[in-house]
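K.L.:
Predicted model and sequence follow; I will ask about them next.
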Amino acid sequence: MKGVVKDKSNNESLPGAVVVLDKAKGVAADIEGVFYMTTTEGNHTLECDLVGYQKYSQPIIVKGNDTITVNISLGNGNQLLDEVVISAGRFEQKLSDVTVSMDVIKPTIIENKASQSLDIIMNQVPGLWFLMGKQVYVAEVATVMAQEPEY
């Protein structure tokens, strides 16, 4: 299976769009919005998603060794966002219930950055790094003590 993911409104390619087959096997579109995927014969469901766009879903029927071309057009999917609370705890918390120092990613920051990925937005919080889509590192705050110059 192959295809291209494009913006419905301006027909521009959408790099990084995630294309998933049967909620199990997925690939990301390349810099030109192109994706390739192998699959087996049978009935499948193809889904595509990208931050800021509506989700796409389509049934696909694969027969024999067919090469299927699927051109996907994603429409605008802007939604009002609430505050995002990032904490080290395992449980969801409200900002008002948190007793430690917290930073808030407000919707205006997300809108102004026009990012297609949450990890880029999360990197705007001081002391927080989101790497490779898997790890979150929090840096300790270091205090630099003023020292007298040595002569």
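P.N.:
It's in.
K.L.:
Quick check: can you list the domain ranges of this protein?
P.N.:
If you go by automatic domain parsing, the domain ranges for the chain are 2-74, 80-151.
K.L.:
Mean pLDDT lowest where, among those domains?
P.N.:
With a mean of 60, domain 80-151 has the lowest mean pLDDT of those.
K.L.:
What strands flank the host helix or strand of Val27, and is each parallel or antiparallel?
P.N.:
Assessed by DSSP states H and E, Val27 sits inside strand 25-28. Here strand 25-28 has these sheet partners by DSSP bridges: strand 18-21 (antiparallel).
K.L.:
And for the partner strand, what's in contact with it?
P.N.:
Under the contact criterion C-beta atoms under 8 Å, 6 or more residues apart in numbering, strand 18-21 has outside partners 1, 3, 5, 26-29, 35, 37, 39, 44-50, 60, 72. All C-beta spots, glycine's among them, are computed from the backbone N, C-alpha and C.
K.L.:
List the buried residues for it?
P.N.:
19-21 (16 or more other C-beta atoms under 10 Å).
K.L.:
Please export the alpha-carbon coordinates of that strand; PDB is fine.
P.N.:
Extracted in PDB, the C-alpha atoms of strand 18-21 (Å, rounded to 0.1, in the frame of the first residue of the first chain):
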ATOM      1  CA  VAL A  18       0.600   9.000  11.200                       C
ATOM      2  CA  VAL A  19      -1.000   6.300   9.000                       C
ATOM      3  CA  VAL A  20      -2.200   3.200  10.900                       C
ATOM      4  CA  LEU A  21      -3.600   0.000   9.600                       C
END
